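Peer 1: here is a sequence together with a model predicted from it:
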2 protein chains.
Amino acid sequence: MTATESTDVMRLALAGKPASHRPVWLMRQAGRYLPEYRDIRSRAGSFLTLLKTPELAAKVTLQPLSRFDLDAAILFSDILTIPDALGLELDFAPGEGPWFRHPIENPGDLARMDREFPDARLDYVPATIERIRRELPRNKPLIGFSGSPWTLACYMIGQGRAREFGDACRWLYTSPESLNELLLLLAEHIANYLIRQIEAGVDIVMLFDSWGGLLPASRYREFSLGPASVVLERIRTYQPEIPSIFFARGAGSRLEWLRDLPARCLGLDSAVPLGQARACLSGSHVLQGNLDPSALYGSTENIRAEVCRMLNEMKEESGYIVNLGHGIPPDVDCEKVGFLIDSVHEESSQRSKHRC
Amino acid sequence: MTATESTDVMRLALAGKPASHRPVWLMRQAGRYLPEYRDIRSRAGSFLTLLKTPELAAKVTLQPLSRFDLDAAILFSDILTIPDALGLELDFAPGEGPWFRHPIENPGDLARMDREFPDARLDYVPATIERIRRELPRNKPLIGFSGSPWTLACYMIGQGRAREFGDACRWLYTSPESLNELLLLLAEHIANYLIRQIEAGVDIVMLFDSWGGLLPASRYREFSLGPASVVLERIRTYQPEIPSIFFARGAGSRLEWLRDLPARCLGLDSAVPLGQARACLSGSHVLQGNLDPSALYGSTENIRAEVCRMLNEMKEESGYIVNLGHGIPPDVDCEKVGFLIDSVHEESSQRSKHRC
């Protein structure tokens, strides 16, 4: 780690230390709302080409940092790279989101699955990270990531997204042992994958449990938090100084079950009352997120008001990271995104508790 | 009210009184999982014809009660009948769910909207209720319902369901006054509509806040609970002995904000830990629901185990109503549904605390 800690507000926040201002980065900050992204995306031809061409993926990762004063970069990639590399073949149906050409149709398919970590088929990821790291200023940490085991399984089983991932949810009752076997296999792969990302140069890792909210309360700990903890523990053992973030989308009323999760930071969606999350989790985790992405459609006055509301709510917390509760919508005005980032910096640097 | 209270376990539960067994009914109990439903549905030609033909809608309402020992009937209808009657014209795209042919595109469209309650265009609903009431045994209460104001607005604005109701969510920030105006207008219509259902013979009313979970925490009370309370208060004033149920889907970590909601009963989705809901809400509301619909794909042993888990969790509660956390999936085996209902009765009648 060669970053100058004193100027890296993101890692200070992750360490629970006060800094000159609150760090801010935004999920999907490299994305369609940026004209320069749309330009490179249309020249690439497809999202998958963009994703798998290190030169292009690195360029896209850096785009929002050229335009805005963001406190972290996040690798331009997809949460579903591992199952793609396992041969399920990722594709994107226009307006429908990601799906796999060769999903797992039944528990028997698991036996036929290659158990080896598909290292070579993911070479484009460390290659992208190395390129980014060469150009990214040292005081801007780079976040690597993957989908969580449960979230990968949601897309991998049956018809994936169709009927709200009904096929994966059915396995909870029809094939819980096979589902567990799949989740533990994925946990191993994800840990290997994130370690490879760390070796290539990422400073922080994030696990997106985007569909944990679909699990009934009675199955959330076993099928979401359990396999995710396996990943997070392996990262912590491998390199304790690399902070991890768990995006607990849809955690809802299960917040207290997150207290023991071996992650440094918890990403919150917009549905959770920030004050309640703080009351429940600030002793155990640094918190991140929560601003409603739709707030970016509002006026600049409203955006500033939302920022102030969040900063005031979190004013006693030394380690809060500002982010949205979900990705930036593709049709927001990028001027508003810039305004949001600047507002976070201005408003938080004025709040004396957090001055250096 | 002519029902014999002593044998009506559903209304005993809603009054918080112990009964011989726990009542059970299931969201979408009249639906595609039943062969007799599919038969009548295919002869009707379209879902809308079925919905709007009192003879057929009444027949479909009664079907599950002929087959199973359910403790309540629920009107076969749709949550979106009011906007349909307002001229938005409900339609169903195969596999895509409901949408409106003439949605509200912008706040200006509101000014052009007819403010009158579209009484005549909803005549098919009381006509259906009267038919059902003639055939339904008096000890089986009939539940009438509507979508909540926020849930109706979600479908009515812009592209509705597309991008997770992104257009309605945008109005939270771009046109909050217009959104509030729409929600209050809908609250009036919904109250009138439910009162008409009560006059025609329903014994219980239910408000489906199916999309309350999409609201960010900072807007949930204002845009979901506020207008819903207007409806619930009007029902309570109109006829205090008619119990109301609020289906708080996606309430998640906002459970404590439901404590003051003027409903007799709260319907819970499957994501909420039942014990936590009980700890938070049992002093203020009777609770209903929570069983994961996907549990119906499991074995009968597993279904019984789920039932026991829920009944044990709620054993101290005099007024709990067993239900799913969401509608019955169309592809479950109807034998399993019967097994679930019988298990609830058997297991709960054995739990002595709740014997008469």
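Peer 2: Done, it's in.

Peer 1: neighbours of whichever residue of the stretch 1-150 of chain A sits closest to chain B, how many?
Peer 2: As assessed by CB to the nearest CB, chain B sits closest to A:Gly95 within the stretch 1-150 of chain A, at 8.1 Å. In short, each C-beta sits where N, CA and C put it, glycine included. A:Gly95 has 7 neighbouring residues, counting by other CB atoms under 10 Å in any protein chain shown.

Peer 1: just the pLDDT for it.
Peer 2: A:Gly95 carries a pLDDT value of 75.

Peer 1: so what's A:Glu130 up against?
Peer 2: By CB atoms under 8 Å, 6 or more residues apart in numbering or on different chains, A:Glu130 lies in contact with A:Pro54, A:Ala200, A:Gly201.

Peer 1: what do you get if the cut-off is 7 Å, keeping everything else the same?
Peer 2: Contacts for A:Glu130 (CB atoms under 7 Å, 6 or more residues apart in numbering or on different chains) come out as A:Ala200, A:Gly201.

Peer 1: mind listing what's buried along stretch A:12-23?
Peer 2: The neighbour-count check on stretch A:12-23 (16 or more other CB atoms under 10 Å in any protein chain shown) flags A:Leu12, A:Ala13, A:Leu14, A:Ala15, A:Ala19, A:His21, A:Arg22, A:Pro23 as buried.

Peer 1: export it to PDB, keeping only CA atoms.
Peer 2: What follows is stretch A:12-23, C-alpha atoms only, in PDB (Å, rounded to 0.1, in the frame of the first residue of the first chain):
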ATOM      1  CA  LEU A  12      -9.600   7.100   6.700                       C
ATOM      2  CA  ALA A  13     -13.400   6.700   6.800                       C
ATOM      3  CA  LEU A  14     -13.200   2.900   6.500                       C
ATOM      4  CA  ALA A  15     -10.800   3.000   9.400                       C
ATOM      5  CA  GLY A  16     -13.300   5.000  11.400                       C
ATOM      6  CA  LYS A  17     -11.100   8.000  11.500                       C
ATOM      7  CA  PRO A  18     -12.200  11.600  11.000                       C
ATOM      8  CA  ALA A  19     -11.000  13.500   7.900                       C
ATOM      9  CA  SER A  20     -11.300  16.900   6.300                       C
ATOM     10  CA  HIS A  21     -14.500  15.900   4.600                       C
ATOM     11  CA  ARG A  22     -16.800  13.000   4.100                       C
ATOM     12  CA  PRO A  23     -15.800  10.700   1.200                       C
END
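
Peer 1: where's it relative to the chain centroid, distance-wise?
Peer 2: Offset of stretch A:12-23 from its chain centre (CA atoms, centre = their mean, to the nearest Å): 19 Å.

Peer 1: what's next to it, contact-wise?
Peer 2: Applying CB under 7 Å, 6+ apart, the external contacts of stretch A:12-23 come out as A:5, A:9-10, A:71-72, A:204, A:243, A:264-265, A:286, A:311, A:318-322, A:344-345, A:348-349, A:354-356.

Peer 1: from those, which would you call buried?
Peer 2: Counted by 16+ other CB under 10 Å, the contacts of stretch A:12-23 give A:9-10, A:71-72, A:204, A:243, A:264-265, A:286, A:311, A:318-322, A:344-345, A:348, A:354 as buried.

Peer 1: now the stretch 151-300 of chain A against chain B: closest residue?
Peer 2: Here the stretch 151-300 of chain A gets closest to chain B at one residue, A:Gly252, 2.7 Å apart by CB to the nearest CB.

Peer 1: these two touch, right, that residue and B:Ser253?
Peer 2: Yes. If you go by CB atoms under 7 Å, A:Gly252 and B:Ser253 touch, sitting 5.1 Å apart.

Peer 1: just to revisit the earlier point, and the contacts of stretch A:12-23 near chain B, which?
Peer 2: Among those, not one lies near chain B by CB under 7 Å from any CB of the partner chain.

Peer 1: which of the residues you listed fall in strands?
Peer 2: In this view, these that belong to strands under DSSP state E are A:Ile204, A:Cys265, A:Val286.
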